[in-house]
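Visitor: what's the 3D shape of this:
(4 chains)
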2 protein chains.
Amino acid sequence: MPMDKDALIRRIRCFTSLSTEEEQVLRQLAGERQRNIGPREDIIREGDPPHLVYLVLNGWACRYKTLEDGRRQILAFLLPGDLCDINNNVLQEMDHSIGAITPVTVAQIGHERIADAVAAFPRLSRALWWHTLTSIAIQREWTVNIGQRSAFERIGHLLCELFARLEAVGLTRGTQCDFPLIQTEIAGATGLTPVHVNRTLQELRGEGLIVLGNRVLDIPDMPRLQAASLFVADYLHLNCEIRGGDDDAASFRSVA
Amino acid sequence: MPMDKDALIRRIRCFTSLSTEEEQVLRQLAGERQRNIGPREDIIREGDPPHLVYLVLNGWACRYKTLEDGRRQILAFLLPGDLCDINNNVLQEMDHSIGAITPVTVAQIGHERIADAVAAFPRLSRALWWHTLTSIAIQREWTVNIGQRSAFERIGHLLCELFARLEAVGLTRGTQCDFPLIQTEIAGATGLTPVHVNRTLQELRGEGLIVLGNRVLDIPDMPRLQAASLFVADYLHLNCEIRGGDDDAASFRSVA
DNA sequence: CGCCAAGTTGAGAGCCATCAAATAGCGTGG
DNA sequence: CCACGCTATTTGATGGCTCTCAACTTGGCG
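Guide: Residues are numbered from 1 along each chain as shown, chains lettered A, B, ... in the order given. The predicted model follows:
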């Protein structure tokens, strides 16, 4: 599969413009030790010590957690351009697993490589924080999604989010995008059963809100789906105004 | 109310030991501009630009998000020693609100104060990252909680978590602790209705797992409640071995 | 052609929501 | 001291969203 070294760059461009030197550095990070993972294979498992940062170059992955009795919750989807836990090395061990959904290619980046990059280009620190903070915001929104929305809204919301995130890294074509998730995975992410996901998808199709099949998702009328799902994209913090200056570069270097 | 400037120190001691100088700096941060917030009052609201870091000195607060149609989800509880989003200034605006549950005292800390502290004591950077990463881990666990657990387990799990976190900052007395949440708030946090929370609490009481009343919680047999709730404390990342050296201090300063 | 995974359908049950009303707790004011 | 009013808690009855169990269909692939 072709690797997509620029996904991270496209992602960060949603937050800020990048100089060619900064892009160069990001491209170098994306070129670190590649690793290919087969579908349904784990990238890192609960209990492992986290010693590398993974950058998804290609394919879909997910964070998930399994309870003792086998129940399994998907916590997040990782799309191309997503970075796993910068500074996760602070913690002793993973409290959840990360697994590939499709075949996945990741760059495995040592923490010191990131430190070097940030030291050379302090503005990148702010960008990486933005990346981290939006991941947290997404996690919060999932809490809202599962806690408050009906199955119909919940699945609709998930589809809106995934589409928006794919769009941000240039992986959509008009109103459609590749969509490799099987219904069981949608179920695991939304806290529903596969059976009910099936019926709810039929409802969404019935209302003409989505066209889903053959691993391709089409959302003919995004505003309508968003309204039906109570989706408000603010939490993704995309399309921020491009804020140039390194006005407070000092603070990036330290806490950032 | 007496303020508790050492809550943050006690919290961080769960991760690492601190030199007296480091403690001094943290205490200084806790002494920044105090602000008192009345119960049910907002500290910061969705849409506001986040320009300060809040450190909870006293009382309980929560993050929450309200949907257009009024449904409200509590996303996290903020206890003494909790710090709100270091580096949140990277984002343009809050995507959720933070409100006081009880009367709350916070220290309002400018980002540059934190930057200074970290510059002076690089080890603190690692500690603050630990703080941030555990908050994320808790958010993930809430996703699991709401997505996979029954009402009974869900409430039990929440109580276990809150108790463990209070214990970490020295706010428990034996098997009990102050517990200011009303049933409606437990409902908002667990994605249940107040009525069902009421009935479920009665079940928990009926099984002798909790004693709850007069704003005091007693958990006579914690292991039993944990087992009944499928609670595993690992995700809180407390009681890490105390890792001394500033072996990779360089990396703290940069991405840290 | 047969196998296996994924998707679909049906029937029935159960957990939790909803609606409504009663009770309890508690500070305030008469 | 008791009445009052508010909020929090509790209880009852009913309904529905979602789960569970089970079987069937479809589709991809060797």
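Visitor: Find the helix or strand that A:F77 is a member of.
Guide: If you go by DSSP states H and E, A:F77 is part of strand A:72-78.
Visitor: Give me the contact status of that strand with chain B.
Guide: Yes. Residues of strand A:72-78 contacting chain B under Cβ under 8 Å from any Cβ of the partner chain: A:72-73, A:75-76. All C-beta atoms are positioned from the backbone trio N, CA, C, and that covers glycine.
Visitor: tally of neighbours for the residue in the stretch 51-200 of chain A that DNA strand D sits nearest to?
Guide: Using Cβ to the nearest atom of the strand, A:H196 is the residue of the stretch 51-200 of chain A that sits closest to DNA strand D, at 3.0 Å. Residues lying near A:H196 (other Cβ atoms under 10 Å in any protein chain shown) number 14.
Visitor: any idea of the pLDDT on it?
Guide: pLDDT for A:H196: 98.
Visitor: my guess is it meets A:A187, correct?
Guide: Yes. Between A:H196 and A:A187 there is a contact under Cβ atoms under 8 Å: 7.4 Å.
Visitor: Tell me where chain A is predicted with low confidence.
Guide: A:1-2, A:240-256 (pLDDT under 70).
Visitor: that older thread, give the next helix or strand downstream of the strand holding A:F77.
Guide: Downstream of strand A:72-78 (by DSSP H and E), the next one is strand A:83-84.
Visitor: roughly how far apart are A:I43 and A:T200?
Guide: 29 Å (Cβ to Cβ, to the nearest Å).
Visitor: how much space between the closest residue in space to the residue of the stretch 51-200 of chain A closest to DNA strand D that isn't next to it in sequence and A:I12?
Guide: In space, and not counting its chain neighbours, A:H196 is closest to A:A151: 5.9 Å by Cβ to Cβ, 6 or more residues apart in numbering or on different chains. Using Cβ to Cβ, A:A151 is found at 34 Å from A:I12.
Visitor: got the contact list for A:P49?
Guide: By Cβ atoms under 8 Å, 6 or more residues apart in numbering or on different chains, the contact set of A:P49 is A:92-94.
Visitor: Does A:Y235 touch A:Q139 like I think?
Guide: No. The criterion here is Cβ under 8 Å, and A:Y235 misses it with A:Q139 at 10.0 Å.
Visitor: Okay, strands next: where are they in chain A?
Guide: Along chain A, counting by DSSP state E, strands occupy A:34-37, A:42-44, A:53-58, A:61-66, A:72-78, A:83-84, A:97-100, A:104-109, A:172-173, A:176-178, A:211-213, A:216-218.
Visitor: what's the second one in contact with?
Guide: Spelled out, that is strand A:42-44. A:37, A:50, A:54, A:61, A:94, A:97-100, A:104, A:106.
Visitor: A:Q34: neighbour count?
Guide: 15.
Visitor: List the contacts of it.
Guide: Contacts of A:Q34 (Cβ under 8 Å, 6+ apart): A:3, A:57, A:105-108.
Visitor: ok, now with 10 Å
Guide: Contacts for A:Q34 were tallied using Cβ atoms under 10 Å, 6 or more residues apart in numbering or on different chains; they are A:3, A:5, A:55, A:57-58, A:105-108.
Visitor: Kindly report the same for A:L67.
Guide: A:73, B:144, B:148-149, B:153, B:230, B:232.
Visitor: Sort out for me which of those are in helices.
Guide: B:144, B:148, B:153 (DSSP state H).
Visitor: Isn't the second one up against A:T66?
Guide: Yes. Under the criterion of Cβ atoms under 10 Å, B:Q148 lies in contact with A:T66, with a separation of 9.5 Å.
Visitor: Between the two, which contacts overlap?
Guide: In contact with both B:Q148 and A:T66: A:72-73, using Cβ under 10 Å, 6+ apart.
Visitor: Neighbour count for those two, which is higher?
Guide: B:Q148 (20 against 14).
Visitor: contacting residues for the closest residue to that one other than its chain neighbours?
Guide: Excluding its sequence neighbours, the residue lying closest to B:Q148 (Cβ to Cβ, 6+ apart) is A:R71, at 4.5 Å. Neighbouring residues of A:R71 by Cβ under 10 Å, 6+ apart: A:65, A:188, A:191, B:144, B:147-149, B:230.
Visitor: Keep these, but drop any that are not near DNA strand D.
Guide: For DNA strand D, the contacts drawn from those by Cβ under 7 Å from any atom of the strand are A:G191.
Visitor: got a list of what the residue in the stretch 1-150 of chain A positioned nearest to chain B touches?
Guide: In the stretch 1-150 of chain A, the residue found nearest to chain B is A:G147; the distance is 3.2 Å by Cβ to the nearest Cβ. The neighbours of A:G147, taking Cβ under 10 Å, 6+ apart as the test, are A:154, A:191, B:65, B:71-75, B:142-143, B:145-147, B:187-192.
Visitor: Now restrict the residues you listed to buried residues only.
Guide: Listed as buried from the contacts of A:G147 are A:154, A:191, B:65, B:72-75, B:142-143, B:145-147, B:187-192; burial here means 16 or more other Cβ atoms under 10 Å in any protein chain shown.
Visitor: filter the residues you listed by proximity to DNA strand C?
Guide: B:191-192.
Visitor: Endpoints of stretch A:93-108, how far apart?
Guide: 17 Å (Cα to Cα, to the nearest Å).
Visitor: How about that stretch and chain B, any contact?
Guide: Yes. Residues of stretch A:93-108 contacting chain B under Cβ under 10 Å from any Cβ of the partner chain: A:93-96.
Visitor: Check stretch A:210-230 too.
Guide: Yes. Shown here: stretch A:210-230 in contact with chain B (Cβ under 10 Å from any Cβ) through A:227, A:230.
Visitor: could you dump that stretch to PDB, C-alpha only?
Guide: What follows is stretch A:210-230 as a C-alpha-only set of coordinates in PDB (Å, rounded to 0.1, in the frame of the first residue of the first chain):
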ATOM      1  CA  ILE A 210     -26.500   7.900   4.400                       C
ATOM      2  CA  VAL A 211     -25.600   5.500   1.700                       C
ATOM      3  CA  LEU A 212     -23.400   2.800   3.100                       C
ATOM      4  CA  GLY A 213     -22.200  -0.300   1.400                       C
ATOM      5  CA  ASN A 214     -19.100  -2.000  -0.100                       C
ATOM      6  CA  ARG A 215     -17.000  -0.200   2.500                       C
ATOM      7  CA  VAL A 216     -17.900   3.200   1.100                       C
ATOM      8  CA  LEU A 217     -19.900   5.800   3.000                       C
ATOM      9  CA  ASP A 218     -21.800   8.500   1.200                       C
ATOM     10  CA  ILE A 219     -23.400  11.400   3.000                       C
ATOM     11  CA  PRO A 220     -25.500  13.100   0.400                       C
ATOM     12  CA  ASP A 221     -26.800  15.900   2.700                       C
ATOM     13  CA  MET A 222     -24.300  16.500   5.500                       C
ATOM     14  CA  PRO A 223     -26.100  19.400   7.200                       C
ATOM     15  CA  ARG A 224     -29.200  17.200   7.400                       C
ATOM     16  CA  LEU A 225     -27.300  14.300   9.000                       C
ATOM     17  CA  GLN A 226     -25.600  16.700  11.400                       C
ATOM     18  CA  ALA A 227     -28.900  18.200  12.400                       C
ATOM     19  CA  ALA A 228     -30.400  14.700  12.900                       C
ATOM     20  CA  SER A 229     -27.400  13.700  15.000                       C
ATOM     21  CA  LEU A 230     -27.000  16.900  17.000                       C
END
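Visitor: How far does that stretch sit from its chain's centre?
Guide: Distance, stretch centre to chain centre, for stretch A:210-230: 19 Å (Cα atoms, centre = their mean, to the nearest Å).
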